[in-house]
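Participant: Sequence and computational prediction follow.
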Amino acid sequence: MNDIIKSQIFAIRDTGETNMFDLPLLTSIALREGYSKLVDYLEKNKEAYVHFILTGEDKTK
C-alpha cells in the first residue's frame, strides 16, 4: 500500500459517507471520485485493506 492509496482511503473515510467495511459502497465512492489506484488495490488486496482499517498497520510491507 503506497501513500496515494492511504490518502485516498483517508479522503473517503473523512467524508463519513460510508462504513469503511462496506467494500461495495467504498468501491463505488472510489470510482466516483476517480480513485482508480484504490479500486485496483481493493480488488487485489481485500485482506490487507481490512487489516489496515482494523489496526492501522500496512500488511503488504
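Facilitator: Right, received. Where do you want to start?
Participant: When you work out contacts or count neighbours from here on, use the C-alpha atoms and nothing else.
Facilitator: Fine.
Participant: what's the average pLDDT for stretch 23-40?
Facilitator: Averaging pLDDT along stretch 23-40 gives 97.
Participant: residues making contact with that stretch?
Facilitator: 4, 5, 8, 9, 12, 18, 19, 20, 42 (C-alpha atoms under 8 Å, 6 or more residues apart in numbering).
Participant: try it again with 6 Å
Facilitator: The contact list for stretch 23-40 (C-alpha atoms under 6 Å, 6 or more residues apart in numbering) reads residue 5.
Participant: For it, buried residues please.
Facilitator: 23, 26, 27, 29, 30, 35, 38, 39 (16 or more other C-alpha atoms under 10 Å).
Participant: Tell me the predicted confidence for the most centrally placed residue in the chain.
Facilitator: Nearest to the geometric centre of the chain sits residue 9, at 4.2 Å (C-alpha atoms, centre = their mean). We have a pLDDT of 97 for residue 9.
Participant: now do residue 60
Facilitator: pLDDT at residue 60 comes out at 69.
Participant: ok, now residue 57?
Facilitator: 89.
Participant: ditto for residue 15
Facilitator: 95.
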